[in-house]
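In: quick check, what structure comes out for this input:
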Amino acid sequence: MSKAKMIKRMYREVHSLDRRLLPTTAVQAVIDSIKPFINIYFSARLITLLTQKANTKEIITNIALVLGINIVIFFLASFLNNYNENHRMMLLDLENKKVEEKLYNADYALLNDSVFKELLHRHEEAGKSRWARLPYFMWTTLQFTRGVLTTIISFIIIIPLLKVGFVRTGDTFFERPLFIVTIVAAIAVMAVVILIVASKINKSYLEANEKYAELDRIFYSFIDILGDYKTGKEIRLYKEQNLIDGIATQKILTDGEITLRKISMRTAKSSSFIAILGALVGFGMYLFIGVKGLFGLFGIGSLVLYCGSFMQIISGIMMFANTLGKLKEILPLARDYFKILEAESTMIYGNRELDLSNGFEIEFNNVSFKYPKNDNYALKHINLKISNGEKLAVVGRNGSGKTTFIKLLCRLYDVDEGEILINGINIKEYTRDSLNNLYSVVFQDYKILSLTVADNISASDECDNAKLYSALEKANIKARIEAMPQKEKTYLYKDLDKSGVEISGGEAQKLALARALYKDSPIVILDEPTAALDPIAENEIYSRFNSFVENKTAIYISHRLSSCAFCDRIAVFDNAELVETGTHNELISANGRYAELWNAQASYYLE
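Out: Residues are numbered from 1 along each chain as shown. As a prediction, this is how the structure comes out:
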């Protein structure tokens, strides 16, 4: 997409997010542009009145008028500046809200795509800046418009002066039209040079920002490491402080100082060159104004007016020149934002509602699957039926395909070969809500949010307390919640509430289990649900497992094979294949992979 089209799209996006910001920004630009000329004009007028010996009343009237106009303009300018600054900052929240909606509705597979993850990373990095993406773009729009309007107004004011310049008053260079032509040409050249130099300065800043973004990531990663109590043990026991400090000194201080020195030198040289160029052009313009004034072609008041307006020309050119260069920084950020919003979900859901009145049967029919951009199969030729009310244990070594099996079952990914059927119908024909309502899952990488206990368990702003405490009791964490300061209304962690309660890993896992039980779906899936629990708590979860799931279908993934005894059937995965199915006794007797895993674990308890 071309720059012009991208800029147009950004304006449309701003207008769709906040319909008031564009017009108020335009009004602010007009007022900010007019503001300096009010004092320039009235200063010139007062000088003219004084030189013409005007009466006191007229002079006082003009003074009162300029004071009144300044008060009104100052109030409007301050109000619009604060208003627009606040709304520019709100743009960032509105942007992020759109991105959040996109992420929620996107395919799970898209979230695991390396290209998409890099887009999200850059989006997040840009969001850490106060002037990010659309807010930065609107600030740049304001400055650019101010610069253009200031330059136009200045040229309009000095048009009479330019006309005077073409009046030949003598034979010297300063009295001939060539003088004003030279000055106008010099101003044009200066404008072009400023544009070029400003672009280079902004490019240098962009390079520096990219370098510092990398250094910032290193810096904050060290802060996270040093401030995290989980890593604090290793840092102290292995005395890693010197290692971390050495890297921080080299990467952040040394490299950062070198980068800053280079950028400072470039900026100083460029700014000095622009200042000298502006001074030379200004000297020529003042010389021209002075010479023409000496010939009596205009009065002292006009002299003040023209000098002030000329200075505004230089200011205006500098203003819009600086903003033009910033597009090189803004446009890539905007492209990332729009790419995130445009990322397509490839999963297509049907319109069939799932009918569970007569139970259900799930079938994996010759299913094979590879993760995106991966040549190796995560699952190969899986054939398995899961009956209504069945308790199925899924076991196998790490990387054997157990969790992938669950992700396909929940349709977080689509299969590459074969099909998954529910009641004989392809899973793709059902609505998204039908499938989501079918499963209650506790994944290995579950997340407990920094919200209240009730919010976490109900996953909603509405909570059935009786159902909540029933789920907490089944997950063996009811007593802990009742002991909290505000019971189920207590915030977990301190991110959103300073009085929030910190919980252990085991307690967090019990809450994740309670959340799955509260949802009360027909199928309960537990992926290593006791990994963070102590042996006593784990044994209690196992002994009460049947009461948890009651008449539901349950799928249980575990590395601890002793927990499989209460399951109706066991599915054994190895190297992405389903190698065995059967009861515990059948698989032990078969002396296959399950028996091998069982005997390996049993040996630790028999020694």
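In: going by secondary structure, the residue nearest in space to the middle of the chain is in what exactly?
Out: By Cα atoms, centre = their mean, the chain has its centre lying nearest to residue 124, at 3.4 Å. Per DSSP states H and E, residue 124 falls inside helix 114-127.
In: which other helices and strands contact that helix?
Out: Under the contact criterion of 3 or more Cβ pairs under 8 Å, 6 or more residues apart in numbering; DSSP states H and E, helix 114-127 touches helix 56-105, helix 300-342. Any C-beta I mention is one placed from the backbone N, CA and C, and that applies to glycine too.
In: show me the helices in the stretch 351-500 of the chain, by range?
Out: Along the stretch 351-500 of the chain, counting by DSSP state H, counting those that start in this stretch, helices occupy 402-409, 432-438, 453-458, 465-474, 478-482.
In: can I get those in TSV with mean pLDDT?
Out: As requested, the helices of the stretch 351-500 of the chain are exported to TSV (pLDDT from 0 to 100):
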stretch	mean pLDDT
helix 402-409	90
helix 432-438	89
helix 453-458	89
helix 465-474	88
helix 478-482	89
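In: nearest to residue 351, of those?
Out: Residue 351 lies closest, by Cβ to Cβ, to one member of the helices of the stretch 351-500 of the chain: helix 432-438, at 9.7 Å.
In: mind listing what's buried in the closest one?
Out: Residues 434, 435, 437, 438 are the ones in helix 432-438 that count as buried (16 or more other Cβ atoms under 10 Å).
In: and that helix, C-alpha only, in CSV?
Out: Provided in CSV are the C-alpha atoms of helix 432-438 (Å, rounded to 0.1, in the frame of the first residue of the first chain):
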residue,chain,number,x,y,z
ARG,A,432,-18.4,-22.5,17.5
ASP,A,433,-20.6,-22.1,20.6
SER,A,434,-21.7,-25.7,20.4
LEU,A,435,-18.2,-26.9,20.5
ASN,A,436,-17.1,-24.4,23.2
ASN,A,437,-20.0,-25.5,25.4
LEU,A,438,-19.1,-29.1,25.0
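In: contacts for that helix next, please.
Out: 349, 352, 353, 354, 410, 411, 427, 521, 522, 523 (Cβ atoms under 8 Å, 6 or more residues apart in numbering).
In: before we move on, what about stretch 7-26?
Out: Applying Cβ under 8 Å, 6+ apart, the contact partners of stretch 7-26 are 1, 80, 83-84, 87-88, 90-91, 94-95, 98, 134, 137-138, 141-142, 145, 327, 331, 334, 338.
In: quick check: next helix or strand after the helix or strand containing residue 136?
Out: In this assignment (DSSP H and E), residue 136 forms part of helix 133-157. Later in the chain than helix 133-157, the nearest helix or strand by DSSP H and E is helix 159-165.
In: quick one: list the elements packing against that next one.
Out: Under the contact rule (3+ Cβ pairs under 8 Å, 6+ apart), helix 159-165 is packed against helix 177-227, helix 255-294, helix 300-342.
In: if we go to 7 Å?
Out: Applying 3 or more Cβ pairs under 7 Å, 6 or more residues apart in numbering; DSSP states H and E, we find helix 159-165 packed against helix 177-227.
In: for residue 368, give me its contacts.
Out: When contacts are counted by Cβ atoms under 7 Å, 6 or more residues apart in numbering, residue 368 touches 377, 379, 380, 381, 415, 416, 417, 418.
In: residues touching the residue lying closest to it once chain neighbours are set aside, list them.
Out: The spatially closest residue to residue 368, leaving aside those adjacent along the chain, is residue 417, at 4.0 Å (Cβ to Cβ, 6 or more residues apart in numbering). Going by Cβ under 7 Å, 6+ apart, residue 417 touches 366, 367, 368.
In: if we use 10 Å, what do you get?
Out: If you count contacts by Cβ atoms under 10 Å, 6 or more residues apart in numbering, residue 417 has them with 365, 366, 367, 368, 369, 370, 377, 379, 380, 381, 382.
In: against residue 392, how distant is the residue nearest to residue 562 when sequence neighbours are not counted?
Out: Spatial nearest neighbour of residue 562, chain neighbours left out: residue 601 (7.5 Å); criterion: Cβ to Cβ, 6+ apart. Residue 601 sits 20 Å away from residue 392, taking Cβ to Cβ, to the nearest Å as the criterion.
In: related to what we said a few turns ago, show the buried residues in the contacts of helix 432-438.
Out: For those, a burial check counting by 16+ other Cβ under 10 Å picks out 349, 354, 410, 411, 427, 521, 522, 523.
In: where does the fourth one fall, phi/psi-wise?
Out: Residue 411 adopts backbone torsions of phi 60, psi 40, taken as degrees, to the nearest 10.
In: try the last one
Out: Dihedral pair for residue 523: phi -120, psi 130, per degrees, to the nearest 10.
In: give the bridge partners for it, please.
Out: residue 439, residue 553 (DSSP bridges).
In: isn't it up against residue 391?
Out: No: counting by Cβ atoms under 10 Å, residue 523 does not reach residue 391; the two are 11.1 Å apart.
In: what's the overlap in contacts for those two?
Out: Taking Cβ under 10 Å, 6+ apart as the criterion, residue 523 and residue 391 both touch 549, 552, 553, 554, 555.
In: Serialize those residues to a markdown table and add fields for neighbour count and pLDDT.
Out: Converted to a markdown table, the shared contacts of residue 523 and residue 391 look like this (neighbours: other Cβ atoms under 10 Å; pLDDT from 0 to 100):
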| residue | neighbour count | pLDDT |
| --- | --- | --- |
| 549 | 21 | 73 |
| 552 | 17 | 85 |
| 553 | 23 | 90 |
| 554 | 23 | 88 |
| 555 | 25 | 89 |
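In: with distance to residue 308 added, can I get those residues in CSV?
Out: Listed next are the shared contacts of residue 523 and residue 391 as CSV, based on distance: Cβ to Cβ, whole Å:
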residue, distance to residue 308
549, 83
552, 82
553, 83
554, 82
555, 80
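In: contacts only, for residue 571.
Out: Taking Cβ under 10 Å, 6+ apart, one finds 364, 382, 384, 386, 392-396, 402, 405, 555, 557, 578-582, 587, 594 in contact with residue 571.
In: how far away is the residue nearest to residue 50 when sequence neighbours are not counted from residue 340?
Out: Closest residue to residue 50 apart from its sequence neighbours, by Cβ to Cβ, 6+ apart: residue 59 at 7.2 Å. Computed with Cβ to Cβ, the distance linking residue 59 and residue 340 is 62 Å.
In: between the two, which is the more surrounded one?
Out: When neighbours are counted by other Cβ atoms under 10 Å, residue 59 and residue 340 differ, and residue 340 comes out ahead with 20 against 15.
In: got the contact list for the more buried one?
Out: 95, 98, 99, 102, 103, 106, 110, 116, 119, 120, 122, 123 are the contacts of residue 340 under Cβ under 10 Å, 6+ apart.
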